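> Fold the following and give me the result.
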Amino acid sequence: KTGRLHKNIKLTDLLGVDLAEDKETIKEIFAKQPFYWEEWNFSDENNPDKLDKDGNSIEYNFGIDFSKRDTWAMGIEIGNVNNYTSRRITLSGWVRFVSVNFSGVVDFIYVIFSGEADFLNATFSREVIFENATFSGGACFGKASFSSAVSFRSVNLSGEADFLNATFSREVIFEHATFSGGADFGYAKFSREVIFEHATFSGGADFGYAKFSGRADFSSATFLGAAYFKSVKFLEGASFLSVPFSEGASFWSAIFSGRADFSSATFSEGAFFWSAKFSDITDFDEARFSEVADFSYVIFSGEVSFETAIFSKMADFGSVTFSGKADFRSVTFSGKADFGSVTFSAEADFSEASFEDIFSVKEIIFKDKDIENLNINLSGCTVKNKLMFSLNDDNNYGKTIFNLHNSNINYFTCDDKELENIKLYWENPIDGYDKKMDKKSKIERFLHELRIMRRILQDLDWGDGADRYYAKIMDIQAKILSKFNL
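A predicted model of the protein is given here:
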């Protein structure tokens, strides 16, 4: 009479018939309800003894097919289901599948859930399809377990989407999904590939402490609210290619075991990667950081590239470990660039980079004590304020090579270290200029670089070593002027 199946009532008592014996009578009873069942698909596993398992729950093993575009205006609460197919209908009341065991295929394509949809602790043994479904009153899949492939492609979740502690054993698709409210995937476990490509998160998105054992693809997704990925584990690579983060993005202590791709991503608010670990190739090429970018204490075990990235405010790389090549070519730093106490094991390339404010590279640490040379490429870079450089171990100055080819540095400090202990790569670089340049242009370029070196030396207080270098530069310049009658 109420149209609701209660867990504490036997289905046989509710219907007044024997489920296993009188299927036709069951059809007639449900046909009188304010909803239409097009087809009943009974399995061969029906057993009346399972109707009241443990005395407090209904268990039945038949499929339900809602193929008609009908409206179900009441709440439903269902026990264990074998096959559940419900296409193109509207469920206007609440729907509860708490602790339900779906042992067959679940198909909710184009279903509209107008009220709350609760799948808390539900178990899905076979394929699950919610493509193009609409959840207007929120959806709870907390602690749900998905044993087979899952598709939420183009789903529309208008309320809160709760996937806290959910477990996905196979591939998961959220491509083009829309999360209009908050999305909580905290502590969720994904065993295979996960696709959030072109998904939209209008509210906050929380993936804190989630574990992605397969590749995670968030490329071209949109985060309009805060994105929270604290302590998340990406074990097979993660792509955030061309992702706009409109509010703060937090990847504190995140672990990226595979390749991490943030190329062309935009961070409109703060970007926080404090203590994150990147084990493979990491790509931030053409990324845009409008506010503070915090990479302090990050470990880059593989090569990392920020080529042509833009940092509009402070860029904090303090105490970062670079085990592979660090590529900052053509990067724009509009605010202070802090690389204090960084650890380098390979080349650090800042060629053609632009520093509008202070560029601090102080207390550099050599990770490998046996390293022959540390190449710091500053060729073509511009430092409009001050370049501050030093090593944490004086014994490593003789291993440091600066490439200042065609650089433009306003002020250079190095903690009063003798210049003769630092190799400045600029001597006789004419052969390395563009082959299309004529000899006179090459000579003029070389003289320009000598003048830059002279200005750097004048700003330094490095004692006799600086004086000897200055004299050497003046001697080279005089010989060139004399030889070419310039």
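> would you list every one of the helices in this structure?
11-15, 23-31, 439-459, 464-483 (DSSP state H).
> Where among those helices is average confidence lowest?
Comparing mean pLDDT across the helices of the chain, the lowest value falls on helix 11-15: a mean of 44.
> Chain neighbours aside, what residue packs nearest to Ala276?
Ala254 (4.5 Å; CB to CB, 6 or more residues apart in numbering). The way it works is simple: take the backbone N, C-alpha and C, and place the C-beta from them, glycine included.
> okay, Thr71: pLDDT?
So, for Thr71, pLDDT stands at 43.
> next one: the one 4 residues further on
As summarised for this prediction, Gly75 has a pLDDT of 52.
> For the residue nearest to Ala276, which residues are in contact?
Ala254 makes contacts with Phe229, Lys230, Ser231, Val232, Lys233, Phe234, Phe273, Ala276, Lys277, as judged by CB atoms under 8 Å, 6 or more residues apart in numbering.
> and the fourth one, what is it in contact with?
Residues touching Val232, when contacts are defined by CB under 8 Å, 6+ apart, comprise Phe207, Gly208, Tyr209, Ala210, Lys211, Phe212, Phe251, Ala254, Ile255.
> From Asn165, how far off is the second one?
The reference is to Gly208. Look at Gly208 and Asn165: by CB to CB, to the nearest Å, they are 12 Å apart.
> circling back: give me the buried entries from the contacts of Val232.
For those, a burial check counting by 16 or more other CB atoms under 10 Å picks out Phe207, Gly208, Tyr209, Ala210, Lys211, Phe212, Phe251, Ala254, Ile255.
> Would you check that the second one makes contact with Lys230?
Yes: checked against CB atoms under 8 Å, the pair Gly208 and Lys230 is within contact range at 4.5 Å.
> Low-confidence bits of this protein, can you list those?
Where the chain drops to pLDDT under 70, the residues are 1-88, 367-371, 415-437, 439-440, 442-470, 472-473, 477, 480-481, 483-486.
> which strand is the longest one in it?
Counting residues, the longest strand found in the chain (DSSP state E) is strand 359-366.
> Now do that one: which elements does it pack against?
strand 337-338, strand 343-344, strand 374-377, strand 387-391 (3 or more CB pairs under 8 Å, 6 or more residues apart in numbering; DSSP states H and E).
> Swap in 6 Å and give it another go.
Here strand 359-366 touches strand 387-391, going by 3 or more CB pairs under 6 Å, 6 or more residues apart in numbering; DSSP states H and E.
> Grab the CA positions of the strand it packs on and hand them over as CSV.
The C-alpha coordinates for strand 387-391 follow below in CSV (Å, rounded to 0.1, in the frame of the first residue of the first chain):
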residue,chain,number,x,y,z
LEU,A,387,71.2,37.0,-8.5
MET,A,388,72.3,35.5,-5.2
PHE,A,389,74.4,32.3,-5.4
SER,A,390,76.3,30.2,-3.0
LEU,A,391,77.1,26.5,-2.2
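> now what about that strand, what contacts it?
For strand 387-391, the surrounding residues in contact (CB atoms under 6 Å, 6 or more residues apart in numbering) are Phe359, Ser360, Val361, Lys362, Glu363, Ile364, Tyr397, Ile409, Phe412, Thr413, Cys414, Asp415.
> I'd like to know how far Gly248 sits from Asp206.
Taking CB to CB as the measure, Gly248 falls 12 Å from Asp206.
> More neighbours: those two, which one.
Ranked by neighbour count (other CB atoms under 10 Å), Gly248 and Asp206 place Asp206 first, with 24 against 19.
> picking that back up, give me the subset of the buried ones among the contacts of Val232 that lies in strands.
Mapping the buried ones among the contacts of Val232 onto strands (DSSP E) picks out Lys211, Phe212, Ile255.
> which of the contacts of Ala254 sit farthest apart?
Comparing all pairs in the contacts of Ala254 by CB to CB, the longest separation belongs to Lys233 and Phe273, at 14.6 Å.
> What about Glu372, how many residues nearby?
The number of residues packed near Glu372 is 7, by other CB under 10 Å.
> er, Asp475 actually
Neighbour number of Asp475 under other CB under 10 Å is 10.
> And the contacts of stretch 201-215?
Identification of contacts with stretch 201-215 by CB under 6 Å, 6+ apart yields 179-193, 223-237.
> Out of the contacts of strand 387-391, who's the most crowded?
Across the contacts of strand 387-391, neighbour numbers were computed from other CB under 10 Å; Phe359 holds the maximum, 27 neighbours.
> what sits against that one?
The neighbours of Phe359, taking CB under 6 Å, 6+ apart as the test, are Ala337, Val383, Leu387.
> swap the cut-off to 7 Å and go again
Neighbour list for Phe359: Phe333, Ala337, Val383, Leu387 [criterion: CB atoms under 7 Å, 6 or more residues apart in numbering].
> Give me the buried subset of those residues.
Buried, going by 16+ other CB under 10 Å: Phe333, Ala337, Val383, Leu387, out of the contacts of Phe359.
> From what I see, the first one and Ser360 are in contact.
To tie it back to what came earlier, the one meant is Phe333. No: the pair Phe333 and Ser360 fails to qualify as a contact (CB atoms under 7 Å) at a distance of 10.8 Å.
> Can you tell me which of the contacts of Val232 lies closest to Ser154?
Nearest to Ser154 among the contacts of Val232 is Phe207, at 20.6 Å by CB to CB.
> measure that closest one to Phe344 for me?
In terms of CB to CB, Phe207 sits 32 Å off from Phe344.
> what about Phe245, distance to Gly204?
Distance from Phe245 to Gly204, by CB to CB: 12 Å.
> These two: who's more crowded?
A direct count of neighbours by other CB under 10 Å for Phe245 and Gly204 places Phe245 higher, at 28 against 18.
> number of nearby residues for Ser330?
As a burial measure, Ser330 scores 20 neighbours (other CB under 10 Å).
> Apologies, that question was intended for Ser482.
Ser482: 9 neighbours (other CB under 10 Å).
> now swap in Phe102 and tell me
Neighbours of Phe102 using other CB under 10 Å come to 24.
> What of the one 10 residues further on?
The number of residues packed around Ile112, counting by other CB under 10 Å, is 17.
> Distance-wise, check it relative to Glu356.
53 Å.
> Val128 is in contact with Ser145, isn't it?
No: the pair Val128 and Ser145 does not pass the contact test of CB under 7 Å, sitting 10.7 Å apart.
> who has more neighbours, these two?
Between Val128 and Ser145, Val128 has the larger neighbour count (other CB under 10 Å), namely 26 against 17.
> Pairing partners for that one in the sheet, please.
Here Val128 sits in beta bridges with Val106, Val150, as judged by DSSP bridges.
> residue contacts, the closest residue to Glu247 other than its chain neighbours?
Closest residue in space to Glu247, ignoring its immediate chain neighbours: Ala226 at 4.5 Å, by CB to CB, 6+ apart. Shown in contact with Ala226 (CB under 7 Å, 6+ apart): Gly204, Glu247, Gly248.
> which of the residues in stretch 224-242 are buried?
Those would be 224-242, for stretch 224-242 by 16+ other CB under 10 Å.
> Could you list which of those belong to strands?
Among those, the residues falling in strands (DSSP E) are Ala227, Tyr228, Lys233, Phe234, Ala238, Ser239.
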